[in-house]
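**Student:** Sequence plus the predicted model coming up.
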Amino acid sequence: MTGDLDRPELEVHDDGSRLVAGDPVADDATIEGALRPRTLDAFIGQQRVKDQLGLVLEAASARGRAADHVLLAGPPGLGKTTLSMIIAAELGMPLRVTSGPALQHAGDLAAVLSSLIPGEVLFLDEIHRMSRAAEEMLYLAMEDFRVDIIVGKGPGATAIPLELPPFTLVGATTRAGLLPGPLRDRFGFTAHMDFYETVDLRAILARSAALLDVALTDDAAAEIAGRSRGTPRVANRLLRRVRDFAQVRADGDVDLTIARDALALYEVDEIGLDRLDRAVLDALLRRFGGGPVGLSTLAVAVGEESETVETVCEPFLVRAGLLARTPRGRVATPAAWSHLGLRPPPGSTPPLPFGEAVAAEPDASDPA
């Protein structure tokens, strides 16, 4: 791929609505609700997690007791929220949904916990973003099914114990490393969600196309799946945009040609890179000879914040084998040069061997 990145200057700004972003964007919520499977059997992919989780839920139902607390960990868009809904459905219990950022005070969590009914499933999204006070209250609630409500202040403050009905907490996190050990240890089952294989994404796309009443050929499904970065949310989002293209520019049916033309229009290339990803690679290769270059320098070159490049672009570029993070800075791999149709300059610095690449902190090429 030679690409169209021959311009000497790049102005790239991420508005949070990238088609290949794993995080949900504006129109995802309503569509995902219609596409989500309702049972474990209908859930495609993550077979290891499904088998383990199915055993936990079946045993709990047989005992007639609340299931162990469940922690779902993994990158965004892999189905953690969907699995939480399936857990409640499999147990035959209602689902209460909240999130870590919404629980900034212990009283916020106490209000939620005190209104639970026996056996109810509480889904706590982004659990790693809870406040410390709410986190410490959650320890006791998970283990002993009670919380202590503090009344008053200073020497006259008293703790009033409040008994809670047995419940099942389902926590979801994209950054399991930020969870403190005491909280992780209180989960009876931890599921680590992996990126999906292309065959699973093809099956998901076929199911979604049927629900959306879209005529999708097998080779078109394979094409979309190959550009979905191993993420079902991205696959479904690309399918909707390809459907729009087919309805406006063709007869509404999606074949291989239509899929390729649509994805080219939306600037999603054959391995799932979008305009921002390619801009980062282009700057790294053309301006800095493949590196090493510091993160902040690279971010300035593409007109983005360092955090955007590090959290939005780098994870997939590293996973795709196009970029390496080394002690000296970011380095392009031979696959990056090949992908943009460029030839490495003589004497360019090769990336470190696999196993030696580490996070570039501190960044030697950024003295500040």
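**Tutor:** Arrived safely.
**Student:** what helices or strands is the helix or strand hosting Val248 leaning on?
**Tutor:** Using DSSP states H and E, Val248 falls within helix 232-249. Applying 3 or more CB pairs under 8 Å, 6 or more residues apart in numbering; DSSP states H and E, one finds that helix 232-249 contacts helix 28-35, helix 198-211, helix 218-226, helix 256-265. Where C-beta positions appear, they are placed from N, C-alpha and C, glycine not excepted.
**Student:** want to throw these into a markdown table with mean neighbour count?
**Tutor:** Listed next are these as a markdown table, based on neighbours: other CB atoms under 10 Å:
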| stretch | mean neighbour count |
| --- | --- |
| helix 28-35 | 14 |
| helix 198-211 | 19 |
| helix 218-226 | 21 |
| helix 256-265 | 18 |
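**Student:** Turn those into TSV, including mean pLDDT.
**Tutor:** Formatted as TSV, those follow (pLDDT from 0 to 100):
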stretch	mean pLDDT
helix 28-35	64
helix 198-211	91
helix 218-226	90
helix 256-265	90
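**Student:** Among those, single out whichever gets nearest to Asp148.
**Tutor:** Smallest distance to Asp148 across those (CB to CB): 36.1 Å, for helix 28-35.
**Student:** any idea which helix or strand comes after that closest one?
**Tutor:** Counting by DSSP H and E, what follows helix 28-35 is helix 47-63.
**Student:** Could I have the CA atoms of the helix or strand following that next one written out in PDB?
**Tutor:** Moving toward the C-terminus from helix 47-63, the next helix or strand (DSSP H and E) is strand 70-73. The C-alpha trace of strand 70-73 is given here as PDB (Å, rounded to 0.1, in the frame of the first residue of the first chain):
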ATOM      1  CA  VAL A  70     -17.400 -11.700  38.300                       C
ATOM      2  CA  LEU A  71     -14.700  -9.500  36.900                       C
ATOM      3  CA  LEU A  72     -14.600  -9.000  33.100                       C
ATOM      4  CA  ALA A  73     -11.300  -7.500  32.000                       C
END
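**Student:** Can you give the strand pairings for strand 70-73, parallel or anti for each?
**Tutor:** Sheet pairing of strand 70-73 (DSSP bridges) gives strand 168-173 (parallel), strand 189-192 (parallel).
**Student:** buried set for the next helix-or-strand element following the longest one?
**Tutor:** Read it as strand 168-173. Moving toward the C-terminus from strand 168-173, the next helix or strand (DSSP H and E) is helix 181-185. Buried positions in helix 181-185, judged by neighbour count with 16 or more other CB atoms under 10 Å: Leu183.
**Student:** What helices and strands are in contact with helix 181-185?
**Tutor:** Against helix 181-185 (3+ CB pairs under 8 Å, 6+ apart) you get helix 132-144.
**Student:** rewinding a little: let's have the helices and strands packed on helix 232-249 in TSV, adding distance to Leu276.
**Tutor:** TSV is the format used below for the helices and strands packed on helix 232-249 (distance: least, CB to CB, whole Å):
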stretch	distance to Leu276
helix 28-35	19
helix 198-211	22
helix 218-226	19
helix 256-265	16
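**Student:** Flag the shaky bits of the stretch 51-200 of the chain, pLDDT-wise.
**Tutor:** Across the stretch 51-200 of the chain, the ranges flagged by pLDDT under 70 are 150-159.
**Student:** about what we covered before: now the helix holding Val248: buried residues?
**Tutor:** Residues of helix 232-249 classed as buried: 232-243, 245-246 (neighbour count, 16+ other CB under 10 Å).
**Student:** ok, now which ones touch the closest residue to Ala203 other than its chain neighbours?
**Tutor:** Among residues not flanking Ala203 along the chain, Ile44 sits closest, at 5.0 Å (CB to CB, 6 or more residues apart in numbering). Contacts for Ile44 (CB atoms under 8 Å, 6 or more residues apart in numbering) come out as 37, 200, 203-204, 207, 232.
**Student:** Right, I'll leave it there.
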